[in-house]
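In: Build me a structure from this.
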Amino acid sequence: MNNTNNNLIELEVEGMTCSNCALGITKFLENKGLHNVYVNFATNEVQFTQAPVQLDMNSIISGIEKLGYHVIGEKKENKIQESEKKIKLNSLEIKLLISAVFTLPLFLSMFLPIAFLHNHYVQLALCIPVYFIGVIHFGKSGLGSLRTGIANMDVLIFVGSTAAFIYSLTGTLFNLGMDYLFYETAATIITLVLVGNYIEKRSVAKTTTAIKELTEIQPQKAKQVVYDLQDAKEKIFEIPIQEIKPDTIVLVNTGDKIPLDGIIIWGEASIDESMITGESIPVDKKIDDIVIGGTILVHGTVKVKVTSELKDTTLSKIVELVKMAQVQKPNIQKLADRISAVFVPVVLAIAILTFCVSYFAIHISLYDSILRSIAVLVIACPCAMGLATPTAVMVGLGRAAKNGILLKGSTTLENFAKTTMVVFDKTGTLTNGKFTIKNFQLYSNYNKLQVLGIIHALENHSSHPIAKSLTAFSAEGETIELKNITEKKGVGIYGTDDQNRNYNIGSSNILKADSLHIHDLYITVNDQLIAGLDIEDELKAGVKSTIDYFKNAGIKTVLLSGDTEEKCVAISKELGIDTYYARQTPEDKLKKIREYSLDNNVTMVGDGINDSPALSLAQTGVSMSNATDIAMNSAQIILLSNNLEYLAIAHKLGKMTYSTIKQNLFWAFFYNVLAIPIAAVGLLNPMVAAISMAFSDVMVIGNSLRLRGRKIR
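Out: Down below sits the predicted model:
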């Protein structure tokens, strides 16, 4: 069990075999008053958040175990610090091995004229161990699922194998002849389904490799720098990563991984951040620059002051975000869940109907009638429906994370894949936000140093992308003390001095109607213009190709900017943006997004404090890695790279993942709709049906794994 800071509790639960197992546990936990319940039968994960009342974990665990599952305990979430373990035979593999040993002679008896193998009691002796394993593996889980009111796939397997075993046992005890012997059928069904479960578990493990690779990025140890007062020199100690606390100084040499997030306090280096951002070119870092834990120092030596504990690093948050994104189910999966909930009772009814029609209506032999009904039970597969979405989502989210694309929920994949319009902010989104001042004009008796002092005093309190450049530009200005400093979105920053004079810096929205409108920014004192600024900003890498990508995909592009008409016209023409709106306040942007959302699936791409309301309102909000905290929290997609090409990559991945989910669900429904009637009319015996059922899951997983190799650039 793991309880994180946000009261998220995680358990590792064995014994789940299909989506109905997950639905049963989900129903049980929700009835206990728990929230945000997420159960993934493929990965044995059970997650939920603690209710306001005191949680009795013992009753939760015992309740899950009464349903027929085994709670292992702590889910090895992230386990960044965990070393690679040797593969051991687990209980499923042991069950499969034992079953195969006893089933093989029974199976061979169907083809080889070996009298010993045709003896009733020998077949019974060979079948009993396999059937006992079936009772433990399928019977316990199946009967437990009935307590929740949601029968799982194990009910079908258990009923089918039990029918064959009891029918055969009756024939043996009363010496009714060979027509009553189904021992090989009972044993083969159990063994083949175990084979399918084994292949399924192995295949599902491959869908989670991206998350596993992310967790393995984190180094296990770090070189702590400690100043020895007695010897008056620094000493280096190697310590486990878990023992490092904020403010610890660590030494990082060429070839080392940055142990945890921090700030460089000495030295310079080139750092490979590709494993986090997807960017292949190393980034040059110097004193006061931020470094990310898990990235590799390719050249240089630095001392880093750690700013985050292991659980709070960027890498840990990325892994947690990817895992939590799996909790949300796309809308397309909800239909599958509703069908899965009634699937087993319907199949049981079809199996009974098949027997009745075959034996009583069309007078087929009892032997063949039973075989048909067993084949119906065994071939039906709700698992494929349960695997259709989570396997594709795990691969899609994992691959996105490896490219520095973080998605808050798998519903975001679906929404982004369906987008019909992408709305861009300009500053910090289409442009790089690294401004240069190209013109500075005075309009009063205030001298340059006085005006620079006013700019510096106001912009020091802003989180707008332009504030950093303006603060640096005005650093040499005279010192001025201002108070009551406030920032009005889309307008500017306001402050007062001790003599109650009002100081403003902002767009033309701070000016009176009759003032001139020729600059990008204006500085006023008591509403009187004292200076104007013109700024210049370069386009980000990948902007033109990204706009072209969306246009070629038939998706409308719109520019919403607080900038001047002239600049919006120029950038729209240069990039080929369909529509633009200039001088937009946050309220204007919100109104436009609301208006566009009536007829479009809107994606808003922004960066900065002015964009957060629009990011929240759009069907999909996208924020860049250098966005402020509020913009980050408002977005459903976060791009860790400043290269806008990753927006196009995110859209491609969203479309591919959504398409894969639809393909998987189509196959799962098509398989059951086709396979059950074929079994009912006697064209498949139960053993072939068991093989078909087992490999229907593998087909779905294999289709999801195709996402790992598909081209996205």
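
In: H461 belongs to a helix?
Out: No: the secondary structure assignment for H461 gives coil rather than a helix, going by DSSP: H, G, I helix; E, B strand; the rest coil.

In: So it sits against N484, correct?
Out: No: H461 is not in contact with N484 according to Cβ atoms under 8 Å; the separation is 10.6 Å. The C-beta positions use only the backbone N, C-alpha and C, and glycine is treated the same way.

In: where do the contact lists of these two overlap?
Out: G495 (Cβ atoms under 8 Å, 6 or more residues apart in numbering).

In: Any regions of the stretch 151-300 of the chain where pLDDT drops low?
Out: Filtered on pLDDT under 70, the stretch 151-300 of the chain yields the residue ranges 179, 207-211.

In: could you pull out the strands for it?
Out: Counting by DSSP state E, counting those that start in this stretch, the segments of the stretch 151-300 of the chain that form strands are 221-228, 233-240, 249-252, 262-272, 283-285, 290-291, 296-306.

In: Which of those has the highest mean neighbour count?
Out: strand 249-252 (a mean of 21; mean count of other Cβ atoms under 10 Å).

In: Note down every partner strand of that one and its orientation.
Out: Sheet partners assigned to strand 249-252 using DSSP bridges are listed as strand 221-228 (antiparallel), strand 296-306 (antiparallel).

In: Looking at H461 and N484, which has the bigger crowd around it?
Out: Between H461 and N484, counted using other Cβ atoms under 10 Å, H461 has the larger neighbour count: 14 against 10.

In: for the chain, longest helix please?
Out: Counting residues, the longest helix found in the chain (DSSP state H) is helix 645-680.

In: now that helix: how far from the chain's centre is it?
Out: What separates the centre of helix 645-680 from the centre of its chain is 18 Å, taken as Cα atoms, centre = their mean, to the nearest Å.

In: Then stretch 472-481?
Out: Relative to the centre of its chain, stretch 472-481 is centred 45 Å away, using Cα atoms, centre = their mean.

In: Could you do stretch 256-276 as well?
Out: Average the C-alpha atoms of stretch 256-276, do the same for its chain, and the two points are 26 Å apart (Cα atoms, centre = their mean).

In: How about stretch 309-329?
Out: Taking Cα atoms, centre = their mean, one finds stretch 309-329 lying 8 Å from the centre of the chain it belongs to.

In: ok, now stretch 703-713?
Out: A distance of 16 Å separates the C-alpha centroid of stretch 703-713 from that of its chain, computed with Cα atoms, centre = their mean.

In: okay, it in CSV with CA atoms only?
Out: Once side chains and other backbone atoms are set aside, the C-alpha atoms of stretch 703-713 remain, and they are given as CSV (Å, rounded to 0.1, in the frame of the first residue of the first chain):
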residue,chain,number,x,y,z
ASN,A,703,-2.7,-3.7,-32.2
SER,A,704,-2.0,-1.3,-29.3
LEU,A,705,1.7,-2.1,-29.4
ARG,A,706,1.8,-1.0,-33.0
LEU,A,707,1.6,2.5,-31.6
ARG,A,708,5.1,2.2,-30.3
GLY,A,709,6.6,2.0,-33.7
ARG,A,710,4.4,4.3,-35.8
LYS,A,711,6.0,7.4,-37.3
ILE,A,712,5.1,10.7,-35.6
ARG,A,713,7.7,13.1,-37.1
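
In: which other residues reach it?
Out: Outside stretch 703-713, the residues that touch it by Cβ under 8 Å, 6+ apart are 203, 206-207, 209-210, 387, 391-392, 394-396, 399, 403, 645, 649, 652-653, 656-657, 660, 663-664, 667.

In: Could you do stretch 439-450 as well?
Out: The contact list for stretch 439-450, computed with Cβ under 8 Å, 6+ apart, reads 451, 454, 476-478, 480, 519, 525, 528-534.

In: Break the protein into its domains for me.
Out: For the chain, the domain assignment from automatic domain parsing gives the residue ranges 2-74, 91-210+322-393+656-708, 225-312, 405-432+539-640, 436-536.

In: do you know which of those domains lies nearest I217?
Out: Distances from I217 to each of the domains of the chain were compared by Cβ to Cβ, and the smallest falls on domain 225-312, at 3.9 Å.

In: which one of the strands paired with strand 249-252 lies closest to A635?
Out: Taking Cβ to Cβ as the criterion, strand 296-306 is the member of the strands paired with strand 249-252 that comes nearest to A635, at 27.3 Å.

In: If any of the contacts of stretch 439-450 are buried, put those into a PyMOL selection.
Out: Selection of the buried residues among the contacts of stretch 439-450 in PyMOL, burial being defined by 16 or more other Cβ atoms under 10 Å:
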select buried, resi 451+454+477+480+519+525+529+530+531+532+533
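
In: Now, the contacts of stretch 439-450 that are in strands?
Out: Among the contacts of stretch 439-450, the subset assigned to strands under DSSP state E consists of 525, 528-534.
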